[in-house]
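Colleague: no sequence for this one, just the structure:
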């Protein structure tokens, strides 16, 4: 509850204890699971209308993509922590080891988990009720983008715009948590922590919005 209501006090207290990665790792694990579940549902739905000769290969490719996305969430955790740790050291002479930064940064994914608990079930609902026509081998040969077009047609525009709004709220919330997290992980001023946090946040935001806007 303090992560939601008073992250400043939470991280001030946590820095007095040994580093524990179990809780932030659980947050990231649950987020990665939701991302993978969403992709799995889409792959399963599309494989049902694929030509028999391509269905197996489509599933294999899809499952590789699911695994990559799952692992990718943890990779983003590492990358964001490395960037914030490096920026705080280079610009503000931050103190403290990377393990502490890594731990505290992990809590900043809690808003993404909350957002996914809102958006993923809605996405799964529309995927479940979607009626997709059979895709022939000729269609795939004539238009390789037919699969992408079908995915876009499954998800209503209203849901995409709703996801954008949710993502904006999630981003602002994550930035707030990361600012307080970095303040205590690196022993720097809050405004300095904000500067270090906003750069990777902007990069992460651009990637997320690009992924969503591709569906419009």
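Modeller: Good, I have the coordinates. Predicted, not measured: the structure shown is a model, and the values here were computed from it. Residues are numbered from 1 along each chain as shown.

Colleague: what ranges do the helices span in this protein?
Modeller: For the chain, helices defined by DSSP state H occupy the ranges 2-5, 7-14, 22-47, 52-92, 98-106, 110-129, 137-142, 146-154, 157-186, 190-213.

Colleague: which other helices and strands contact the fourth one?
Modeller: Applying 3 or more CB pairs under 8 Å, 6 or more residues apart in numbering; DSSP states H and E, one finds that helix 52-92 makes contact with helix 22-47, helix 98-106, helix 137-142, helix 157-186, helix 190-213. For glycine as for every other residue, the C-beta is placed from the backbone atoms N, C-alpha and C.

Colleague: got the angle between the last one and helix 110-129?
Modeller: Read that as helix 190-213. Relative orientation of helix 190-213 with respect to helix 110-129: 10 degrees, computed using axes from the mean of the first three to the mean of the last three CA atoms, to 10 degrees.

Colleague: got it, and the longest one?
Modeller: Here helix 157-186 runs at an angle of 160 degrees relative to helix 110-129 (the same axes, to 10 degrees).

Colleague: buried set for helix 157-186?
Modeller: Of the residues in helix 157-186, those buried under the neighbour-count criterion (16 or more other CB atoms under 10 Å) are 159-160, 163, 166-167, 170-171, 173-186.

Colleague: next one: it to chain centre, how far?
Modeller: Computed by CA atoms, centre = their mean, to the nearest Å, the separation of helix 157-186 from the middle of its chain amounts to 10 Å.

Colleague: packing partners of that helix?
Modeller: Helices and strands touching helix 157-186, as assessed by 3+ CB pairs under 8 Å, 6+ apart, comprise helix 7-14, helix 52-92, helix 98-106, helix 110-129, helix 190-213.

Colleague: and of those helices, who's closest to residue 46?
Modeller: Checking the helices and strands packed on helix 157-186 against residue 46 by CB to CB gives helix 52-92 as the closest, at 7.0 Å.

Colleague: can you tell me which of the helices of the chain is packed in deepest?
Modeller: Per-residue neighbour counts averaged over each of those give the maximum for helix 98-106, namely a mean of 22 (mean count of other CB atoms under 10 Å).

Colleague: now the angle from it to helix 7-14?
Modeller: If you take the same axes, to 10 degrees, helix 98-106 sits at 150 degrees to helix 7-14.

Colleague: list the contacts of helix 98-106.
Modeller: Identification of contacts with helix 98-106 by CB atoms under 8 Å, 6 or more residues apart in numbering yields 11, 14-15, 19-21, 23-25, 27-28, 77-78, 80-82, 84-85, 88, 178, 181-182, 184-186.

Colleague: that older thread, and the helices of the chain, which one's lowest on average pLDDT?
Modeller: Mean pLDDT is lowest for helix 137-142 among the helices of the chain, at a mean of 62.

Colleague: pull the contacting residues for residue 153.
Modeller: If a contact means CB under 8 Å, 6+ apart, then residue 153 has residue 130 as its contacts.

Colleague: so how far is residue 45 from it?
Modeller: 12 Å (CB to CB, to the nearest Å).

Colleague: which residues are common contacts for these two?
Modeller: Overlap between the neighbourhoods of residue 153 and residue 45 consists of residue 130, taking contacts as CB under 8 Å, 6+ apart.

Colleague: circling back to that earlier point, and of the helices and strands packed on helix 157-186, who's closest to residue 33?
Modeller: Closest to residue 33 of those is helix 52-92 (CB to CB; 7.5 Å).

Colleague: many thanks, we can stop here.
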